[in-house]
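**Q** Provide a 3D model corresponding to the input given below.
(2 chains)
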Amino acid sequence: MITGTGLSFSYTDHRVLKNINFKAEKGEFISILGANGSGKTTFFRCMQGLLVPDAGKILLDGENIKKMSKKEIAQKIAVVPQESQNVFDYQVLDIILMGSNPWLSFAESPGAIELQEAEAIMAELEILDLKNKSFNKISGGERQLVLIARALMQKSSYLFLDEPNSHLDFKNTHLSLKIMRDLTAKGKTLITALHDPNLAYQYSDRVIILKAGKIIASGQVEEVMTAQNLSRAYEIEIVRENSGFLLAFQQDRLFKQKA
Amino acid sequence: MTGKITAAQKLLIMGLFLIIFVGASLLIGNYNLSLTKLIAIGRDLLGADFRLLFNNPDWSVLYYIRLPRILTVVLVGAALSVSGAAYQNIFRNPLVSPDILGVSAGAGLGVALGLLYSSGSIFYVYLIAFITGIAAVGLTYWLSRLAGGENTMFMVLAGIVVSSLANALISLLKYLADPMQNLPGIVFYLMGGFARSGWQEFYLLLPVVIISLTVILFLRWQINIFSLGEKEAAALGVNTDKIRLIVIVFSTIMVAAATAAAGQVSWIGLVIPHIARFMVGSKYKYYLPASALMGSLSLLLMDNLARTVSGAEIPISIITALIGAPFFAYLLITKKESGWR
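**A** Okay, here's the model as predicted:
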């Protein structure tokens, strides 16, 4: 279990997080929603131990994250960054092997055991054919899968994904979310920051809505994801349609077409 | 992958080339030292009466002049190239090198200071060069963080600032130096060259280069991860502060030692890592040895040019710039995917 109690964080001039309380249990899929600048990324960085909050405490399986080394944190928390190209290109296999780093000693490089693990993970995600390709030259969807594979290589119980589908097309967005969903069945805890409320609605168990650094709603999908809460979060009128949410003006257009 | 040369095989070929080059370089120079003379020396060396050699001018040229010089060139080439490769990964910036980060100019300032004020002890020259070199890279890093965070361009610009400052201070020292006694020494020292390289220089350089190379090679896996960016590396469990400090310190020691031994040798640290990456890829396990070998090979080639093209020696930095700068331009134009944009 990972918990954050009373978290606050400020950059020099303004407070970004205000008294955040957060809890994630084994096997949960939690989505963080909020407008741009609502504090999602800062919240993520605090939970990963990359930023130290001004106030509050984060416990990772009962241990204070402040007292853990980067390596110890990385053994429990894996981060899937927004898919991007690297300055220096590596083979896909090497990128995935980098996930084994938290379990290696200081000057150690991955060996035969890690190679086997990496291949097993690649087979599971059906990306074994990418093994020797260059990471910068594969497609965005493939890169996302490689980064998920690297996170699995870390053997950590918690996966943080910051806008995992920001560079993905419709198909790859849903394929990668399905893979993440399947991971929760294997006991992984997923915490994602998402831009699209409909994706959060479709895939997550619990949702947290942030606005200006505060939690304005938190709980099970059905109870939290109301048109009212979302309208408040994004400061625009949002309506509920059968299977998801629309901005009010989108609805108008649909009506026009029907007429 | 059939029919393709693996990275390990490429390293082997580079190593063989280096050995052949070292051998060939022994024969090159104004004093005629032919292969037959070399064989004769070898025979005497193995023979019962090797003392005969002490009176043989061939032996003197080989043992006291060419061999230490060539071995020093090999070390300096490897040191500059590997430090360039290390800086590039740590700063996640393919445009940086000892010259661009201001380390070369900083170490050059130290060399000038050392020559002027340390009663000529070579050890102090090394020490002061290291201190000013570290100060220069620290200043560059700090300035670029102040100006623009991790942006690659800011680091290059900050390096220009620091280099200019260091070079201005070098000019000031030159201006203040006694034009008869000290000035020519400083000028020729900094222009670079291996004419004065003897065993003393070699033995001062050897442990520095071996220890630094070993440390960097040991950390190769974490340096690989570092190049993904600091946040990503930290999330993968890399102790980024520690790794950055270790790699910068040992790279800078190498640059300072190389500058103290051979003056400001430019371009090697920028161009050679790119060639090495182009040949064996980014993976440090191969990339680092390839940088070292290619650095040694190319600097040896250039030093051979420096001492044979004309009757008098041409300073090495002139040769490295004349070859390195156009070659870098060529890389910029043709290798568009190597991380520059």
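
**Q** contacts, neighbours, all on C-alpha from now
**A** Noted.

**Q** mind listing the helices for the stretch 51-200 of chain B?
**A** Using DSSP state H, counting those that start in this stretch, the helices found in the stretch 51-200 of chain B span residues B:57-60, B:67-90, B:103-117, B:122-148, B:152-176, B:183-191, B:199-218.

**Q** Pull up the residues of the stretch 151-259 of chain A that are close to chain B.
**A** Within the stretch 151-259 of chain A, the positions adjacent to chain B are residue A:154 by Cα under 8 Å from any Cα of the partner chain.

**Q** residues in contact with the residue in the stretch 151-259 of chain A that chain B sits nearest to?
**A** Nearest residue of the stretch 151-259 of chain A to chain B (Cα to the nearest Cα) works out as residue A:154 at 7.9 Å. With contact taken as Cα atoms under 8 Å, 6 or more residues apart in numbering or on different chains, residue A:154 is in contact with A:74-76, A:78, A:99-103, B:236.

**Q** okay if I get those as JSON lines plus secondary structure and neighbour count?
**A** Below are these laid out as JSON lines (DSSP: H, G, I helix; E, B strand; the rest coil; neighbours: other Cα atoms under 10 Å in any protein chain shown):
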{"residue": "A:74", "secondary structure": "helix", "neighbour count": "29"}
{"residue": "A:75", "secondary structure": "helix", "neighbour count": "23"}
{"residue": "A:76", "secondary structure": "helix", "neighbour count": "18"}
{"residue": "A:78", "secondary structure": "strand", "neighbour count": "28"}
{"residue": "A:99", "secondary structure": "helix", "neighbour count": "31"}
{"residue": "A:100", "secondary structure": "helix", "neighbour count": "26"}
{"residue": "A:101", "secondary structure": "helix", "neighbour count": "25"}
{"residue": "A:102", "secondary structure": "helix", "neighbour count": "24"}
{"residue": "A:103", "secondary structure": "helix", "neighbour count": "19"}
{"residue": "B:236", "secondary structure": "coil", "neighbour count": "30"}
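
**Q** so can I have TSV of those showing pLDDT and distance to residue A:177?
**A** Putting those into TSV (pLDDT from 0 to 100; distance: Cα to Cα, whole Å) gives the following:
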residue	pLDDT	distance to residue A:177
A:74	95	22
A:75	95	23
A:76	95	21
A:78	95	16
A:99	96	20
A:100	96	23
A:101	95	25
A:102	95	25
A:103	96	27
B:236	94	22
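
**Q** Now distance to residue A:19 too, for the residues you listed, in a markdown table please.
**A** Shown next, in a markdown table, are those (distance: Cα to Cα, whole Å):
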| residue | distance to residue A:19 |
| --- | --- |
| A:74 | 25 |
| A:75 | 27 |
| A:76 | 24 |
| A:78 | 25 |
| A:99 | 33 |
| A:100 | 34 |
| A:101 | 33 |
| A:102 | 31 |
| A:103 | 34 |
| B:236 | 28 |
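
**Q** for those residues, which one is nearest residue B:78?
**A** The shortest approach to residue B:78 among the contacts of residue A:154 belongs to residue A:101, at 28.1 Å (Cα to Cα).

**Q** Touching, that closest one and residue B:233? I think so.
**A** No - using Cα atoms under 8 Å, residue A:101 is not in contact with residue B:233; the gap is 9.6 Å.

**Q** What separates the first and last residues of stretch A:3-20, distance-wise?
**A** 10 Å (Cα to Cα, to the nearest Å).

**Q** what about that stretch, distance to the chain center?
**A** The chain centre lies 19 Å from the centre of stretch A:3-20; the measure is Cα atoms, centre = their mean, to the nearest Å.

**Q** Please identify the buried residues of that stretch?
**A** A:3-4, A:6-10, A:16-20 (16 or more other Cα atoms under 10 Å in any protein chain shown).

**Q** What's the local residue count around whichever residue of chain B sits closest to chain A?
**A** Here chain B gets closest to chain A at one residue, residue B:237, 3.9 Å apart by Cα to the nearest Cα. The burial count assigned to residue B:237 is 28, neighbours taken as other Cα atoms under 10 Å in any protein chain shown.

**Q** residues in contact with it?
**A** So residue B:237 contacts A:69-75, A:101-102 (Cα under 8 Å, 6+ apart).

**Q** can you rerun that using 6 Å?
**A** A:70-71, A:74, A:102 (Cα atoms under 6 Å, 6 or more residues apart in numbering or on different chains).

**Q** Intersect the residues you listed with the contacts of chain B.
**A** When contact is defined as Cα under 6 Å from any Cα of the partner chain, the contacts of residue B:237 meet chain B at A:70-71, A:74, A:102.

**Q** Neighbours of residue A:123, how many?
**A** Residue A:123 has 14 neighbours, counted by other Cα under 10 Å.

**Q** Check the one 3 residues further on too.
**A** Residue A:126 has 11 neighbours, counted by other Cα under 10 Å.

**Q** swap in residue B:325?
**A** 17.

**Q** any idea how far residue B:144 is from it?
**A** In terms of Cα to Cα, residue B:325 sits 24 Å off from residue B:144.

**Q** Could you do residue B:8 as well?
**A** On the measure of Cα to Cα, residue B:8 and residue B:144 end up 37 Å apart.

**Q** Mind checking which of these two has more residues around it?
**A** Ranked by neighbour count (other Cα under 10 Å), residue B:8 and residue B:144 place residue B:144 first, with 21 against 14.

**Q** Could you list the low-confidence segments of the stretch 151-259 of chain A?
**A** Applying pLDDT under 70 to the stretch 151-259 of chain A picks out residues A:252-259.

**Q** which residues in it form strands?
**A** A:158-162, A:189-193, A:206-211, A:214-220, A:238-241, A:244-247 (DSSP state E, counting those that start in this stretch).

**Q** distance of residue B:103 from residue B:116?
**A** Residue B:103 is 20 Å from residue B:116, by Cα to Cα.

**Q** between these two, who's got more neighbours?
**A** Neighbour totals were compared for residue B:103 and residue B:116, and residue B:103 leads with 34 against 19 (other Cα under 10 Å).

**Q** contacting residues around the more buried one?
**A** Contacts of residue B:103 (Cα under 6 Å, 6+ apart): B:133, B:136-137.

**Q** Alright, I will stop here.
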